[in-house]
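Colleague: task: produce atomic coordinates for the following.
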Amino acid sequence: QVRLVESGGGLVQAGGSLRLSCGASGLTFGRSTMGWFRQAPGKEREHVAHISWSGGITNYADSVKGRFAVSRDNGKNTVYLQMDSLKPEDTAVYYCAAKTGLYYIDYAKLWAKYDYWGQGTQVTVSS
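Modeller: So this is what the prediction gives:
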């Protein structure tokens, strides 16, 4: 049984930082593309960032580029999202997701291509 468990969300003031973590079990973590997505109320789920199997390739949405950083520790089956210079528009539920199979950058940006999802963690940025 695959489980993805996010942690690290919370309330922060604009300009602050948070670090999200996602622990995975029940899958071959080192052969899974790991993605972070977010969904704000009334909006569609959107790609935030993803990281390839070995961590050698990362990709970010334009809205977070230069402020967020995705990383992974395959020895700990954990993926991270460091979020700096947070803005009120970053407020959303953040989801961790795992995609098995070969890495394709275009597929890795699409939430529908992911096989497993965490329960989400709320991030709220106050102005």
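Colleague: and the worst-scoring helix or strand of the chain on mean pLDDT, what's buried?
Modeller: When the helices and strands of the chain are compared on mean pLDDT, DSSP states H and E, helix 105-108 comes out lowest with a mean of 87. Across helix 105-108, burial judged by 16 or more other C-beta atoms under 10 Å covers A108. Yep, even glycine has a C-beta here, placed from its N, CA and C like the rest.
Colleague: how about residues contacting that helix?
Modeller: The contact list for helix 105-108, computed with C-beta atoms under 8 Å, 6 or more residues apart in numbering, reads T33, G35, H50, S52, I57, N59, K99, K113.
Colleague: among these, which two are most distant?
Modeller: Largest separation among the contacts of helix 105-108 by C-beta to C-beta: I57 and K113, giving 15.6 Å.
Colleague: quick check: pLDDT value at the spatially most central residue of the chain.
Modeller: What sits nearest the mean C-alpha location of the chain, by C-alpha atoms, centre = their mean, is W36, with 1.9 Å. With respect to pLDDT, W36 scores 98.
Colleague: where's it relative to P88, distance?
Modeller: Distance from W36 to P88, counting by C-beta to C-beta, to the nearest Å: 19 Å.
Colleague: one more: G9?
Modeller: For G9, the distance to P88 - C-beta to C-beta - is 15 Å.
Colleague: for A108, same thing?
Modeller: In this view, A108 and P88 are 27 Å apart by C-beta to C-beta.
Colleague: many thanks, I have nothing further to ask.
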